[in-house]
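Q: Predicted model and sequence below, questions to follow.
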Amino acid sequence: MASVASIPFRRVTAKPGQIAAVALIGLFLAIFLIVPAGTVIYTAFTEKGTGALTFVNFLDFFRTDLFRRSFFNSVYVAGMSVVWATLIALPLAVLTTRFDFRGSMVIQTLGFVPLIMPPFVGAVAMQLLFGRNGTVNLMLYDWFGVRIPFMEGLNGVIFVQSLHYFPFILINLSTSLRNIDRSMEEAAQNLGSSGFRLFRRIVFPLSMPGYLAGASLVFVKVFDDLATPLLLNVKDMLAPQAYLRVTSVGLTDPMGYVISVILIIVSVFAMWLSAVAMRGKDYSTVQRGGGGLMRRNLSRGESIVAYGVVGFILLLVLSPHIGLLLLSFATVWSYSPLPDDFTMVHYARVFDESSIYIKNTLIYASLAGLIDVVIGGAIAYLLLRTKVVGRRWLDWAATSALAIPGVVLGIGYLRTFYGVTLPDGTPLATLWVMVVLALAIRRLPYALRACYAALQQVSESLEEAAENLGATKQRTIRRIVLPLMTGGLLAGFVTSFSTAAVELSATLMLIQSNSDAPIAYGIYVFMQSPAGRGPGAALGVIAVIMVALCTLLSHYVIERRQKAIGSAK
Amino acid sequence: MNMNTTTAGLAPSPAKAISIRDVNLFYGDLQVLKDINLDIQPGEFFAFLGPSGCGKTTLLRLIAGFNTARQGSVVVGGVDVLDMPPWKRDIGMVFQSYALWPHMTVARNVAFGLEERRLPRAEVERRVDAALNLVGLKHLAERRPSQLSGGQQQRVALARTIAIEPKVLLLDEPLSNLDAKMRVEVRRELRELQQRLQLTTIFVTHDQEEANTVCDRIAVFNEGRIQQVGTPMGLYEKPANLFVANFLGTANILDGHVVGAGADRLFEVPGAGSIPIPAGTSVPRGAKLVFRPQYATIGSVAPGAVALAGTVTHREFLGATVRYGVQVGTASVLVDVPFHSGDALLETGTRTSVGLQPSSAQWLAE
């Protein structure tokens, strides 16, 4: 069609506003994610002193006994945590989705509870409950003359982490199970399959993608976690080693960077593995109007077993919270099953001295959440509603933050921004704003997904109708898109807020003074000394309540909105 | 369910004409609109008819501004709108999904376009009232879209569009989300409303019955091209090509070839016989013989008609008519015979002949 080619495009396809948005977000991601992460990787491959490119640092890493052991310990702990988290999550998921089980609502709700408390907060309480001289072992020894080493060395880390992270598997697996269409099961029954064979051959394979997604998340989270092993005094794991090298040997020591690169590689590898396993397996098969899997009634005997198992698991899952609560009210608690006496003095002390932590946390987490929602919402809009060049790059860049552990981002910020100083000589890296940015970057992938999902649910014809009736693009965004996305944006904000509020790994690297510290840092500092345990626990309880309240509030707001809107077409 | 019988204060402006010239549209390398030229008269109720993927909705969205063409022009009421963004065009469109905003009440939905035009508060309220009155939904003004039935949602979408007093009205498969009974009702109402407002209207549909019953003229689309433009009866009686003949109603199509020349031309259908081509009939290259089932007879051959030999392959009783399937040469032909009680019907397998008047036959190419 020569005639077509000879006529120039009549429309300007590039919209200046969209290009500016891409440029601004791109700049932000470059400065606060790509450059710090790139610096860490680059430093790992350069010789100390000369700056020449080299593999020597990696050879040194694998020649050192301590590092080799740390590496295998980290892999072992992460792998075992997945195994135990699966053992906890599987019965809960199956019981709540496959059977008419009266406790379903309670389980699904309580399943989330561990997530609103960082694992390291519960770690100390867990030692008092399950440690060598903790409540459980004291009783076991009294009655049976045995002790079980729940909390010895790596066991302790595995125990605490699996109790904390199993909800990821529970949530993903339950969703997968619920998304299996009833006809899948009925077809198998029609062809003669039933009971456990039906579960093994049809139901479990169909729920595999959800399980793998959850399991890989657990693996990565545990592998990257810094605070829990530190608090349990386990130092021969990768993340603690990276932290200790940078804080004790110094910013110029290459080993901290090498460990960082290994953390990144393993994270990427685990996520890649789950992505490969899931490729082409979008098994979500629920038809319009069709229900999920059939629910079956439990017989009397089965009911008793089921309630027993669920009760036991829930008790286990809630033990960090129970322990923390006891600890926060305890006068003295050691070598005894329960505290000697109860007091309010820790709370008084916390409110007296440490309200700054609470204030800082609220400020940091709100700002981080706000940044995430604005940037996440903008990227989602550019992705779904425009064809502007570079929008995919923004998506990839923002999502790549998933692969950067907090400890690595912290090291990257220190390395990148320590040399940059304000006019008065303060290094940029020590400003509290940096903590906010690190928190925002770390949570951005989740907020972006939430915003993306929210925008995806807004039918494009709703926007076209607005434009057809005379609203410009900007007016359409304000009057149609934003109101309809509110629920998703709020959900994104809350996810960012509540996880940023209790994050420690990046914070531990970047906080220089107590007056800038958020609550997680405060808890960590308190928990270092036996005398600080009580106030630390009190602060932990406050953190849990704070996050829980925010989450509940947002659920309430979102639900009310949904009701008001009705079923959106 | 009755709409009010006046335009209730929505002042109909003089109807606008639509003129489309040389429009081509590509999605990447795929050409989805080819050489579109079309004139729609002021006040006309016009249909875009065609199978899915034929380009009819694409052209509608082009007129509304949601697709862009690299060349050509779309002139509405004397103004070329092709370079305007959708919000500047004043072209009302009712979406297939209705696209009612779930976070606004019915009244807020209808007010939206008026507010965007910065009309005074009182005028907005007056026009919202007028538009809702027009579709008979005034009493539901404070409801949310999700609380309305499908038919009611459709009326709200219509009211929302009419409230801005658009230059022309575009309807994208407006009846497809309604059940069969509502469809008949709503299409009559649409026609009435359009007549009252004297609004140039384009109606996109894949259902020929809808197009035939409500529209003044129809453009038949296939593969990105307008095949023919005409009145419902004109298209049925004089289809321009095989696609139109086949798409509108039922058509028998027989392969064959022309023998002889001048006044003695014959169209020979292999294995069945031949039919004289009436003088002055143009037969395009590669043309096939086309006739409607009700124009043929079976068994008896009327004077002046020719007989094509065949075998009855099946029989369907349709009430007023009996439809026979007859194998004629290599083709299968349908013949509709009026049914009278007591008629003797032909059995499957009977050797028979199909009678056809040459004057009711047509020769059409692809």
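A: The structure has been received and is ready for your questions. Numbering: from 1, shown residues only, chains lettered A, B, ... in the order given.
Q: residues touching the closest residue to chain B within the stretch 401-550 of chain A, list them.
A: For the stretch 401-550 of chain A, the residue positioned closest to chain B under Cβ to the nearest Cβ is A:L469, at a distance of 3.1 Å. Glycine gets a C-beta too; all of them are placed from N, C-alpha and C. Applying Cβ atoms under 8 Å, 6 or more residues apart in numbering or on different chains, one finds that A:L469 lies in contact with B:87, B:92, B:112-113, B:116, B:160-161, B:164.
Q: what's the answer for A:A270, then?
A: A:216, A:219-220, A:223.
Q: Remind me which helix or strand it belongs to.
A: A:A270 is located in helix A:254-278, with elements delineated by DSSP states H and E.
Q: packing partners for the next helix or strand after that helix?
A: The element immediately downstream of helix A:254-278 (helix or strand, assigned by DSSP H and E) is helix A:300-329. For helix A:300-329, the contact count by 3 or more Cβ pairs under 8 Å, 6 or more residues apart in numbering or on different chains; DSSP states H and E identifies helix A:65-98, helix A:104-110, helix A:119-130, helix A:154-178, helix A:345-353, helix A:533-565 as packing neighbours.
Q: Just say helix, strand or coil for the closest residue to B:A163 other than its chain neighbours.
A: Spatial nearest neighbour of B:A163, excluding adjacent residues (Cβ to Cβ, 6 or more residues apart in numbering or on different chains): B:A131 at 3.9 Å. In terms of secondary structure, B:A131 is helix; the call rests on DSSP: H, G, I helix; E, B strand; the rest coil.
Q: And for B:F66?
A: Using three-state DSSP, the three-state assignment for B:F66 comes out as coil.
Q: That one: neighbouring residues, count only.
A: B:F66 is flanked by 18 other residues according to other Cβ atoms under 10 Å in any protein chain shown.
Q: same deal with A:L325?
A: By the measure other Cβ under 10 Å, the count of residues near A:L325 is 17.
Q: Spatially nearest residue to it (excluding sequence neighbours)?
A: The spatially closest residue to A:L325, leaving aside those adjacent along the chain, is A:V541, at 6.0 Å (Cβ to Cβ, 6+ apart).
Q: Against A:V261, how distant is the one you found?
A: Remark: distance between A:V541 and A:V261 (Cβ to Cβ, to the nearest Å) = 38 Å.
Q: just A:G410 next, same as before
A: Going from A:G410 to A:V261 by Cβ to Cβ gives 15 Å.
Q: Pretty sure A:V246 sits against A:G256.
A: Yes. A:V246 sits in contact with A:G256 when judged by Cβ atoms under 8 Å, with a separation of 4.1 Å.
Q: Look up the closest residue to B:Q362, ignoring the ones flanking it.
A: B:V290 (4.7 Å).
Q: which secondary structure elements does the helix or strand hosting that neighbour contact?
A: Take DSSP H and E as the rule and B:V290 turns out to sit in strand B:288-291. Counting contacts by 3+ Cβ pairs under 8 Å, 6+ apart, strand B:288-291 is packed against helix B:242-247, strand B:252-254, strand B:362-364.
Q: Output these as a markdown table; include the columns mean neighbour count.
A: Formatted as a markdown table, these follow (neighbours: other Cβ atoms under 10 Å in any protein chain shown):
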| stretch | mean neighbour count |
| --- | --- |
| helix B:242-247 | 20 |
| strand B:252-254 | 21 |
| strand B:362-364 | 20 |
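Q: out of those, nearest to A:F204?
A: With distances scored as Cβ to Cβ, the stretch of the helices and strands packed on strand B:288-291 nearest to A:F204 is helix B:242-247 (50.1 Å).
Q: re the thing from before, next up, the contacts around the residue nearest to A:L325.
A: By Cβ under 8 Å, 6+ apart, the neighbours of A:V541 are A:324-325, A:328.
Q: Quick check: pLDDT value at it.
A: A:V541 is assigned a pLDDT of 88 by the prediction.
Q: again with B:P12
A: Taken from the predicted model, the pLDDT recorded for B:P12 is 64.
Q: cool, and A:Y521?
A: Taken from the predicted model, the pLDDT recorded for A:Y521 is 87.
Q: And A:S193, by the same measure?
A: Here, the pLDDT recorded for A:S193 equals 74.
Q: can you confirm B:K34 is in a strand?
A: Yes. Counting by three-state DSSP, one finds B:K34 located in a strand.
Q: quick one, strands of the stretch 51-200 of chain B?
A: When assigned using DSSP state E, counting those that start in this stretch, the strands of the stretch 51-200 of chain B occupy the ranges B:71-76, B:79-80, B:91-94, B:168-172.
Q: Residues contacting stretch A:272-279, please?
A: A:208-209, A:212-213, A:215-216.
Q: hmm, I was thinking of stretch A:54-72
A: A:44-48, A:236-238, A:240-241, A:254-255, A:257-259, A:262.
Q: quick one: buried residues of it?
A: Across stretch A:54-72, burial judged by 16 or more other Cβ atoms under 10 Å in any protein chain shown covers A:57, A:61, A:67, A:70-71.
Q: what about residue 191, neighbour count?
A: Answering for chain A, as no chain was given. A:L191 has 7 neighbours, counted by other Cβ under 10 Å.
Q: I was after chain B.
A: 17.
Q: Report the separation between A:F112 and chain B.
A: 28 Å (Cβ to the nearest Cβ, to the nearest Å).
Q: Can you tell me, leaving aside adjacent residues, what's nearest to that residue?
A: Setting aside the residues directly before and after it, A:F112 is nearest to A:P167 in space (Cβ to Cβ, 6+ apart), at 5.8 Å.
Q: chain center to stretch A:155-163: distance?
A: Put simply, stretch A:155-163 sits 16 Å off its chain's centre (Cα atoms, centre = their mean, to the nearest Å).
Q: got the CA positions of that stretch in CSV?
A: Listed next in CSV are the C-alpha coordinates belonging to stretch A:155-163 (Å, rounded to 0.1, in the frame of the first residue of the first chain):
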residue,chain,number,x,y,z
ASN,A,155,16.7,-25.8,64.5
GLY,A,156,15.6,-22.7,66.3
VAL,A,157,15.8,-20.6,63.1
ILE,A,158,13.9,-23.3,61.1
PHE,A,159,11.2,-23.6,63.8
VAL,A,160,10.7,-19.8,64.1
GLN,A,161,10.8,-19.2,60.3
SER,A,162,8.4,-22.0,59.3
LEU,A,163,5.9,-20.9,62.0
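Q: Show me the contact partners of that stretch.
A: With Cβ under 8 Å, 6+ apart, stretch A:155-163 has contacts from A:77, A:80-85, A:88, A:114, A:119-120, A:122-123, A:126-127, A:130-131, A:149-151, A:218, A:221-222, A:225, A:228-229, A:232, A:234, A:237, A:316-317, A:319-320.
Q: Relative to chain B, how far out is A:Q161?
A: Here the distance between A:Q161 and chain B works out to 42 Å (Cβ to the nearest Cβ).
Q: what's the distance between that residue and A:L444?
A: Computed as Cβ to Cβ, the A:Q161 to A:L444 distance reads 24 Å.
Q: More neighbours: which of these two?
A: Taking neighbours as other Cβ under 10 Å, A:Q161 and A:L444 compare with A:L444 leading, 29 against 26.
Q: how about that one, what does it touch?
A: When contacts are counted by Cβ under 8 Å, 6+ apart, A:L444 is found next to A:371-372, A:375-376, A:398, A:401, A:496.
Q: A:D516 is in contact with A:T507, correct?
A: No. With contact taken as Cβ under 8 Å, A:T507 and A:D516 are classed as non-touching, separated by 9.7 Å.
Q: which neighbours do those two share?
A: With Cβ under 8 Å, 6+ apart applied, the overlap between the contact sets of A:T507 and A:D516 consists of A:V435.
Q: okay, these two: which has more neighbours?
A: Per other Cβ under 10 Å, whichever of A:T507 and A:D516 has more neighbours is A:T507, with 26 against 20.
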